[in-house]
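Undergrad: Coordinates for the following, if possible.
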Amino acid sequence: MSKSQSAGLFQQFQASFRRLASFQERLVLAVSGGSDSMALLHLAAAVCATEQLCVGFVDHGLRDGVDKEWMLVRTQCDKLGIAAEKLVIVDKYGEETKGEGIQQWARLRRYELLNSYATAVEAAVILTAHTLDDQAETVLLRILRGTGIDGLGAIPAQRQVSEHVRVARPMLQLGRESIRDWLREHDIPWVEDPSNQNAKFARVQVRELMPLLLKMNPSIQSHLGELAGEAQATTAFFDEYVKGNNVVKLISLGDGCKVLHESFASVSRTIAGRFVRSALHTAQGDLRRFERYHIEAILDGVFSRAGAHRHDVPGSLEVWTAYGDVYVFSSPASQIRSSEEQKMALGASNCVKGALAVAGVQCEITVTNSSNVSDLFPVTLRMLKPGDRLYGRRRKASRLMIDKKVPIFYRHLVPAICTQENEIISIPGILNSLVSGLRMDWRLRVNSALRDLWQFGEMDVL
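TA: As a prediction, the model looks like this:
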């Protein structure tokens, strides 16, 4: 590497660092002993005061040879006068992590440890050594897995990992070979991670393809990096559109959100897919493990306009489509059940009041009898139950809920007035009263989960 090339690499790092961090912030460097992270250590030391920096070395507990790597990192840190800490992942990869690949498992634990360490040393930023090679490989991996435009964005230059700590990547524009040339020129040692040669990992397989792609086009890595940058900018612009037009609406039930069928009606299936991804991202905070076939299955439910269907998705989200709407819940929405009920007997005034407060639904009702109907009393105020039938009819209440397009995962939260024979007389927002002379005045709490639905949105408020 010539002196000008060496100076150019340093200047690129310095300019990127200044965009992503400041000289007033305390920084944690994620250093493993590999070539990229050793370059990060020495480049950061050349840019920052040593007291601004501290190093986190993560031991994943997955292979031998880690102690040797730690000794190299600690020796280099001692020479530079930078504090270093070995961070050990104590839990083990095993059966309880089913559905989570070992590299993904290691990545999540690594960031958890680094975030905890950064918090402990009052650091605002974790610097990682991701390079242009990593960016290009990630774009290719995402394409092979069937990604959308979010996935094409690959590795962002920075992201928030907790309320007070963010990750920044000042080496994303630097190629690995130029980094290694710089290390050799400055006589800086590094170690090779044997897992980088393990062909069972998809990333290693893609890495083996790169020489062929470079032979076809020497600028392929730069082109893939530029594509990632365009995808990130497009995604950010679209996210602003979604936010500005209130496409994704927060709802009370299950700490969730929804996209209504009206939003899908005037856009193409491709843009509709972006709306779905936005809802998933709102509920989960990222789109990790979601692939194109997950989105396509949800879109099939949207455009079929069929009744409620729960979709099989990765992670802990609960995702439903119902009558063309999409619902995404962070916590289980369909498992809430209640046995709470209240008997309501007529008083001398022929007027009786009742109230329920269950699972995010608080309601009040006033029942007024104007035609001396007394043989139905006491009536009961309770939530709807499977098998309920309407008073004086053979029709099931569930059929009425279907006609009114109330999703099944909301029906167990719908209050009702029923007779002593458990026949439904009244349902708020759906059915006023099936008994002549009985008037039902329902009111729901302003932030009741039922008010997520248009059927109940115009009801009187408590």
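Undergrad: Against residue 409, how distant is the nearest residue to residue 330 once chain neighbours are set aside?
TA: Counting by CB to CB, 6 or more residues apart in numbering, residue 330 lies nearest to residue 255, which is 4.1 Å off, once chain neighbours are set aside. No exception for glycine: its C-beta is placed from N, CA and C like everyone else's. Separation of residue 255 from residue 409 (CB to CB, to the nearest Å): 14 Å.
Undergrad: now swap in residue 29 and tell me
TA: Distance from residue 29 to residue 409, by CB to CB: 47 Å.
Undergrad: so where's the stretch 201-350 of the chain shaky on pLDDT?
TA: Residues of the stretch 201-350 of the chain that meet the criterion pLDDT under 70 lie in 334-338, 347-348.
Undergrad: Which residue would you name as the spatial centre of the protein?
TA: residue 284 (1.9 Å; CA atoms, centre = their mean).
Undergrad: Report the residue ranges of every domain in this structure.
TA: Domain segmentation of the chain under automatic domain parsing yields 3-228, 246-329, 341-457.
Undergrad: Residue 424: what secondary structure?
TA: At residue 424 the chain is in strand, as set by DSSP: H, G, I helix; E, B strand; the rest coil.
Undergrad: Ok, residue 242 next?
TA: helix.
Undergrad: my guess is it meets residue 248, correct?
TA: Yes. With contact defined as CB atoms under 8 Å, residue 242 counts as touching residue 248 (5.9 Å).
Undergrad: Identify the contacts common to those two.
TA: 275, 278 (CB atoms under 8 Å, 6 or more residues apart in numbering).
Undergrad: Residue 178 should be in a helix, yeah?
TA: Yes. According to three-state DSSP, residue 178 belongs to a helix.
Undergrad: sorry, back to before: so which of residue 255 and residue 409 has more stuff around it?
TA: residue 409 (21 against 13; other CB atoms under 10 Å).
Undergrad: Checking my notes, the more buried one in a strand, right?
TA: No. Going by three-state DSSP, the assignment for residue 409 is helix, not a strand.
Undergrad: which stretches of the stretch 351-462 of the chain form strands?
TA: Using DSSP state E, counting those that start in this stretch, the strands found in the stretch 351-462 of the chain span residues 351-358, 361-369, 379-383, 389-390, 415-418, 423-426, 438-444.
Undergrad: Please apply the same query to the stretch 151-300 of the chain.
TA: 158-160, 166-168, 249-250, 257-259.
Undergrad: ranking those strands by burial, who's on top?
TA: strand 257-259 (a mean of 24; mean count of other CB atoms under 10 Å).
Undergrad: And that one, what does it pack against?
TA: When contacts are defined as 3 or more CB pairs under 8 Å, 6 or more residues apart in numbering; DSSP states H and E, strand 257-259 packs onto strand 249-250, helix 269-284, strand 325-329.
Undergrad: Show me which residues of the second one are buried.
TA: Spelled out, it's helix 269-284. 272-284 (16 or more other CB atoms under 10 Å).
Undergrad: And for residue 305, the neighbour number?
TA: So residue 305, with other CB under 10 Å, has 14 neighbours.
Undergrad: Excluding covalently adjacent residues, which one is nearest to it?
TA: residue 324 (4.3 Å).
Undergrad: what's the strand or helix carrying residue 141 in contact with?
TA: Secondary structure from DSSP states H and E places residue 141 in helix 132-145. With CB under 8 Å, 6+ apart as the test, helix 132-145 has contacts from 36, 151-152, 154-155, 172-176, 202-203, 206-207, 209-210, 220-222, 224-225, 227-228, 291-292.
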